[in-house]
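1. What shape does this take:
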Amino acid sequence: MKSKICALCATFVASAGLASAQSFTYNAQDLNHDSVIDPGNLSYKSSIAYIDDFALMYNPGSKSLDVSVTLSKNNHSPDGFWFVLSDGPNPKDDKNQYAIFYFDASKASPIVTAYVYDGKNNGDSWSNPGSLLASSQTGSSLTASASTSGDISTYQFNADVSAINDSSLWPTSYNLGSDWEGAQFGEEVGIWFHTFELAESSKYHKDGSIKKLKIKRDDYFDTNAQKTVPEPSALMLSLLGVGLLARRKR
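-> Purely as a prediction, here's the structure:
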């Protein structure tokens with residue numbers, strides 16, 4: 001019986017494939033606050049805040065995206081950030097191919113929204129064309145948290161992007177074609193990230209979409225073809241653990 005369990009685990013792991021068996025992680029930091037991200041020796045603008053830590057995790061099987069950003073105040077206090085991800089290219093300038101996320105930490109509870117990125121070099125996709133994909137205020141696909149201690153702020157959110165990544169679920173007015181990727185990455189990731197400070201209080205509609213998001217100033221960090229680290233999923237580790245335990249008892 002124990003040998004059958006081992007065989008079953010091995011069969012499942014083999015058939016699950018790379019997409020469902022692994023998560024892909026990316027982590028970058030500027031711990032000495034010299035406005036250079038490592039790894040990669042990547043310069044970025046840090047007039048608002050330094051990027052102490054920028055961490056991503058994506059699981060292609062579960063379509064789960066986890067984001068964690070820790071910022072240290074420089075000359076101003078950050079109110080949040082927006083960003084776009086790709087599977088390698090710098091996503092900036094690519095219209096109707098990716099989702100853009102807005103993390104608004106200016107409220108008592110942070111609000112995250114996702115829109116179709118319009119391909120322009122600004123953060124105005126929420127208003128033009130304003131194609132809403134998800135909001136943490138109206139559904140469970142986005143959850144967010146924020147904490148501040150002194151000059152250090154940590155922002156985190158998890159997104160189930162299975163619906164966001166499926167172009168067939170959205171209105172034809174969104175103009176999502178066969179090249180639509182939404183928010184996903186694998187062995188490489190491309191990033192277009194902006195920390196922002198608001199000029200005045202943000203506002204939202206009842207459907208969770210942004211009504212007003214007036215940016216006073218913003219920093220930026222963008223790059224392409226950054227190598228990620230593949231990691232076994234929790235399910236994979238659990239199955240392997242069962243198999244190894246059964247083999248040890250045998």
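2. all helices for the chain, in order.
-> 2-21, 234-249 (DSSP state H).
3. Show the low-confidence segments of the chain, by residue range.
-> 1-21, 233-250 (pLDDT under 70).
4. Any idea which residue is closest to the centre of it?
-> The centre of the chain sits closest to Val67, judged by Cα atoms, centre = their mean, with a distance of 4.7 Å.
5. Name the nearest residue to that one, ignoring sequence neighbours.
-> The shortest distance from Val67 to any non-neighbouring residue, by Cβ to Cβ, 6 or more residues apart in numbering, is to Phe157 (5.4 Å). The way it works is simple: take the backbone N, C-alpha and C, and place the C-beta from them, glycine included.
6. tally of neighbours for the one you found?
-> 20 (other Cβ atoms under 10 Å).
7. now Asp124
-> 16.
8. Thought Tyr117 was touching it, still the case?
-> No - at 10.4 Å, Asp124 does not count as touching Tyr117 under the criterion of Cβ atoms under 8 Å.
9. which residues sit in contact with the residue nearest to the centre of the chain?
-> 55-56, 83, 101, 103, 155-159 (Cβ atoms under 8 Å, 6 or more residues apart in numbering).
10. Show only the entries of those residues found in strands.
-> Using DSSP state E, the subset of those located in strands is 55-56, 83, 101, 103, 155-159.
11. Quick one: buried ones out of those residues?
-> 56, 83, 101, 103, 155-159 (16 or more other Cβ atoms under 10 Å).
12. Between all of the residues you listed, which two are separated the most?
-> Within those, two members stand farthest from each other by Cβ to Cβ: Phe83 and Asn158, at 14.7 Å.
13. Quickly list what the residue nearest to the centre of the chain is bridged to.
-> Leu56, Phe157 (DSSP bridges).
14. ok, so what distance separates it from Lys214?
-> Distance of Val67 to Lys214, given as Cβ to Cβ, to the nearest Å: 23 Å.
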